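Chemist: just a sequence and a predicted model for now, questions to come.
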Amino acid sequence: MVLYEHVYILSSRAHAVECVSLLKGVRESKLIGLVQQNNEHALFLYSHRRMAITGDDVTLDEIIPISYDFSVVEVSSPDELAVVGADTRVRVTFLDEELELKLPFGSQSRLFLGEVNRAWSDVCEQHPKQEPKFDWLGKYRKVSRGARSLRKATGASNIKMSQMKKSGKADGGGQKKEDERTVCESQERGKGEVRDDLIRNSQHISSNKDQMLRMPQFGLRDNLIKCELLKNEDAYTYIQNYSFFLGTYNVNGQNPKESLSPWLASAASPPDFYLVGFQELDLSKEAFLFNDTPKEPEWMLAVYKSLHPDAKYAFVKLVRLVGIMLLFYVKKEHAAHISEMEVETVGTGVMGRMGNKGAVAIRFQFHNSDICVVNCHLAAHTEEFERRNQDFKDICRRIQFRQEDPTLPPLTIMKHNVVLWLGDLNYRLSDLEVDHVKELISKKDFETLCNHDQLKRQMDEEVVFVGFTEGEIDFQPTYKYDTGSDQWDTSEKCRVPAWCDRILWRGKDIKQLNYQSHMTLKTSDHKPVSSLLEIGIKLVNDESYKRTFEEIVRRIDRLENDCIPSVSLSRSEFHFERVKFMQHQAQTVSVHNDGQVPCQFEFIQKLDEPFYCKPWLTANPCKGFLAQGGSVDIDLEVFVNRSTAPELNSGQQQLEDILVLHLERGKDYFISITGSYLPSCFGSSLATLCLLREPIQEMPLDTVRELSMKSKSQTSDPETDKPQEIPKELWMMVDHLFRYAKKQEDLFQQPGLRSEFEEIRDCLDTGSLDTLPGSNHSVAEALLLFLDALPEPVLPFSFYRQCLDISADSSQCRQIISVLPQCHRNVFNYLTAFLQELLKHAAHNRLDASVLGPIFAVLLLRSPTKQDLTEKRKVKEFLQHFLVLTPSDRDIHDKPPQ
């Protein structure tokens, strides 16, 4: 989201969302922001280019002051209200003018409207004692196409702002009565209440009693009732079957060129649900860098046109991460029973963040069943099955859905009744030559092929997808074909055919009716796959629910005498040995409710501390509810990352903390956490590493801390503390890549293995090996992680703003490098010389400056705060000047640091 820079400078707070303005059926994408100055608020409406990056890409159209004459009401139609996931239509009114906007479904719009409501309510509370003056808006109206209120934009033929005058003249009798009625209503609404009732919550609440189970809870009694209802769910629910169509298609960056009906409308009768996943929707650099693609609406339209013709479907949700997209449609008659929908995305590319690989997920409640759907694209290449395993585990760990009740911990994928998993899992066939595979395919001997399938093997060994089921595969592999044909890959690489595209499920009362590929579609080098599942959904019997609910309430009333909650802990002291950088450790404390009543627990923050624990520690779950006699295992997890490593390496912090476990209406319990941390070159400063003559773990801790303090204060003795030119650890990684990986395809784009990174880290920290272990990709990722973990980046924070200001001038950029601290200057020159060397071998490694630039720019020239898109572009521009070889550039053929 981009707003004019001056909005941020002037305002003390700004909230913004994307919206669509509506005028006579014409939709136009806008940006709308709520801007606050002192205690006054106004809405700023912008038009923008499709990929708004800088201030030049957006134009301020309208300013709408939030005064006593302002209002915002929802005008969604009954049909829109009936569809969960539908956009929210609102009408903004100021004086005698109106603007109709459509805001996208989701929590961001919900929070934005809540802020607008609060701003308006504050005005109403002050009226008529205090009227906002809006003097600060004067400078903005000079650059705005609109004037004081909602006027038609003039001077630009491509902008058509909505202007809908109210009927009647301003001084007419009818209008006067209308104005009086509006004022009266405004005064009534303004009496200390926030107008949440005027804006529909983005999650549809059906009339079924099952929704009571999922409404936000605010007290212990409510949670007691909710817990008992869930325990007795079988007493008031029954099972009814619904059909779910799951589809996955890797489209290889192509545009839709043919009807998708042979795939999506292949079922004899229309399914109740459609969940359709795509991978590699767009392979362009723009999609990768900005997560924006024109192909999204193209494929969305192709899907909509190809849904089963014998039913009417409502669009529910779209979620996309770069080229990974998931679409959700449902029969219209079922839409009213969908609630609690949330979406999440996670990138698992290089450094565990980049979105060219990863997953998108949707979770929702249908009647009384929780359902989670995941669409993923895992690491490629036959030999990388361990990386795929790691990607799966990362997705399961990192995707966490917020719950409606903010007091409850997030929901993970596996916490749902039903989990549906689809995508390009990329598992291949092992130990078979390509000709043998094709021979077995021609014989339709899929059973023999399945014995060599990596996913089947990993599942049999219970490494991944534990508890999941996949139907029998009786169709030929879906990868890899020559695009536009049914012919196996005839390129130079001649890929071995494989079942990359898969669909699995987890849960009870699930039956697969069909599992097939669709060979008639030839757009991509993959074939689409579909699975038709019949899933038993829990529905609520209203009469049974009422009886159960009343019985639970009576039982809890009897319990709520003055019984004090009490628990017992399995242990109260925990010690974590030999904690290492980015290596997870966990221990478990069991909490048993030995009291006479159920209890609610939560880890609470200590006095003058912002969180309940140190940033390297987490407790999962950190809050919850325990029935009488019940127990819960809480994982105490220690993980040192780039944020926490610097102070642990320098000795400023220790692995010590005390957790306070609080019982509502009960006492507090204290849990002691200690640990020993092994210092690492990851998270140590360049200046400190240049002073270390030996590997960091081979030196006494006191010496490491002393040198760290010297490097910060710049008080080192040039005779006794003569620094190396560059850190030896950095030299080892770059030298390894220079020797073995100059011609490596996809270097710095394909992630390595976590186990290999740990070996590389240990080698650098202990000096145990002369050469680094692991693959080229693992060493490359270790280099990126090293740069990312530097407490002070290669171009120090103090130079950041100056570098942005001169990013367009090559000579000034080179001049600023010359005044960097010595070790930072040496490292920058060394790394850029290495990158130049890689670009000389572009014919083999397929790297170019547009690929390497963005990856290294944000690491070498890191912002002390979060970068916006304008800054990212300037950072990239700065580094580009150094990726072109000049006679003055340093040669990569340097000797190791002395």
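Modeler: On my side now, so go ahead.

Chemist: tell me the domain ranges of this protein?
Modeler: Per automatic domain parsing, the structural domains of the chain span 2-192, 238-540, 568-677, 686-894.

Chemist: output the ones you listed as a markdown table; include the columns distance to Arg554, mean neighbour count and mean pLDDT.
Modeler: Using the backbone N, CA and C atoms, a C-beta is placed for each residue, glycine as well. Formatted as a markdown table, the domains of the chain follow (distance: least, CB to CB, whole Å; neighbours: other CB atoms under 10 Å; pLDDT from 0 to 100):
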| stretch | distance to Arg554 | mean neighbour count | mean pLDDT |
| --- | --- | --- | --- |
| domain 2-192 | 34 | 16 | 61 |
| domain 238-540 | 20 | 19 | 93 |
| domain 568-677 | 15 | 17 | 93 |
| domain 686-894 | 53 | 18 | 87 |
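
Chemist: closest one to Arg555 among these?
Modeler: Of all the domains of the chain, domain 568-677 sits nearest to Arg555, with 10.8 Å by CB to CB.

Chemist: can the domains of the chain go into CSV with extra columns for distance to Glu228?
Modeler: Shown next, in CSV, are these (distance: least, CB to CB, whole Å):
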stretch, distance to Glu228
domain 2-192, 27
domain 238-540, 15
domain 568-677, 8
domain 686-894, 42
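
Chemist: between those domains, which gets nearest to Val553?
Modeler: Nearest of the domains of the chain (CB to CB): domain 568-677, 13.8 Å.

Chemist: that closest one: end-to-end distance?
Modeler: Domain 568-677 stretches 30 Å from its first residue to its last (CA to CA, to the nearest Å).

Chemist: thought Leu648 was touching Tyr677, still the case?
Modeler: Yes: counting by CB atoms under 8 Å, Tyr677 touches Leu648, with 4.8 Å between them.

Chemist: list residues touching both of these two?
Modeler: 640, 654-655 (CB atoms under 8 Å, 6 or more residues apart in numbering).

Chemist: still on that earlier bit, quick one, which of the domains of the chain gets closest to Cys227.
Modeler: With CB to CB as the measure, domain 568-677 is the member of the domains of the chain nearest Cys227 (5.3 Å).

Chemist: on that earlier part again, to Ile552, which of the domains of the chain lies closest?
Modeler: Proximity to Ile552, assessed across the domains of the chain by CB to CB, is greatest for domain 568-677 (11.4 Å).

Chemist: may I have the secondary structure class of the residue lying closest to Pro791 once chain neighbours are set aside?
Modeler: Once flanking residues are discounted, Pro791 sits nearest to Pro646: 3.9 Å by CB to CB, 6 or more residues apart in numbering. Secondary structure for Pro646, judged by DSSP: H, G, I helix; E, B strand; the rest coil, is helix.

Chemist: tell me how far Pro646 lies from Thr688.
Modeler: 10 Å (CB to CB, to the nearest Å).

Chemist: and the longest strand for this structure?
Modeler: Taking DSSP state E as the criterion, the chain has its longest strand at strand 237-250.

Chemist: ok, it: who's next to it in the sheet?
Modeler: Strand 237-250 pairs in its sheet with strand 273-279 (parallel), strand 529-540 (antiparallel), by DSSP bridges.

Chemist: remind me what whichever helix or strand comes after that strand packs against, helices and strands.
Modeler: The element immediately downstream of strand 237-250 (helix or strand, assigned by DSSP states H and E) is helix 261-264. For helix 261-264, the packing partners by 3 or more CB pairs under 8 Å, 6 or more residues apart in numbering; DSSP states H and E come out as strand 237-250, helix 295-306.

Chemist: of all the ones you listed, which one is nearest Gln516?
Modeler: Of the helices and strands packed on helix 261-264, the one closest to Gln516 (CB to CB) turns out to be strand 237-250, at 10.5 Å.

Chemist: now Thr478: how far from Val567?
Modeler: Thr478 is 52 Å from Val567, by CB to CB.

Chemist: correct me, but Cys813 touches Val884?
Modeler: No: Cys813 is beyond contact range of Val884, at 11.7 Å (criterion: CB under 8 Å).

Chemist: tell me the angle the helix or strand harbouring Met325 makes with strand 237-250.
Modeler: Here Met325 sits within strand 324-331, counting by DSSP H and E. Inter-element angle recorded for strand 324-331 and strand 237-250: 140 degrees (by axes from the mean of the first three to the mean of the last three CA atoms, to 10 degrees).

Chemist: partner strands of strand 324-331, with direction?
Modeler: Partners of strand 324-331 in the sheet, by DSSP bridges, are strand 273-279 (antiparallel), strand 313-321 (antiparallel).

Chemist: adding distance to Met733, write the ones you listed out as JSON lines.
Modeler: Below are those laid out as JSON lines (distance: least, CB to CB, whole Å):
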{"stretch": "strand 273-279", "distance to Met733": "31"}
{"stretch": "strand 313-321", "distance to Met733": "29"}
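
Chemist: which of those strands sits closest to Asn417?
Modeler: Per CB to CB, nearest to Asn417 of the strands paired with strand 324-331: strand 273-279, 14.7 Å.

Chemist: list of residues touching that closest one?
Modeler: Identification of contacts with strand 273-279 by CB under 8 Å, 6+ apart yields 242-251, 264, 299, 303, 307, 313, 323-331, 334, 362, 373, 375, 377, 420, 422-424.

Chemist: how about the helix or strand containing Ser544: buried residues?
Modeler: Using DSSP H and E, Ser544 sits in helix 542-559. Across helix 542-559, burial judged by 16 or more other CB atoms under 10 Å covers 544-545, 548-549, 552, 556.

Chemist: direction included, what does the helix or strand that that helix is followed by pair up with?
Modeler: Per DSSP H and E, helix 542-559 leads on to strand 567-569 as the next helix or strand towards the C-terminus. Here strand 567-569 is paired, per DSSP bridges, with strand 585-593 (antiparallel).

Chemist: and the angle for the next helix or strand after the partner strand with strand 585-593?
Modeler: Moving toward the C-terminus from strand 585-593, the next helix or strand (DSSP H and E) is strand 599-604. Comparing the axes of strand 599-604 and strand 585-593 via the same axes, to 10 degrees yields an angle of 140 degrees.

Chemist: centre-most residue in this structure?
Modeler: Centroid check for the chain by CA atoms, centre = their mean gives Thr345 as the closest residue, at 3.9 Å.

Chemist: which residue sits closest to that one, ignoring its sequence neighbours?
Modeler: Per CB to CB, 6+ apart, closest to Thr345 is Leu321, 4.1 Å.

Chemist: helices or strands up against the helix or strand where Gln516 lies?
Modeler: Per DSSP H and E, Gln516 falls inside strand 510-517. Counting contacts by 3+ CB pairs under 8 Å, 6+ apart, strand 510-517 packs against strand 501-506, strand 529-540.

Chemist: what's in contact with that strand?
Modeler: Here strand 510-517 has contacts from 243, 266-267, 418, 469, 471-476, 478, 501, 503, 505, 527-536, using CB under 8 Å, 6+ apart.

Chemist: and the gap between Ala235 and Arg547?
Modeler: 8 Å.

Chemist: same check on Ser568?
Modeler: 35 Å.

Chemist: repeat that for Lys710.
Modeler: In terms of CB to CB, Lys710 sits 75 Å off from Arg547.
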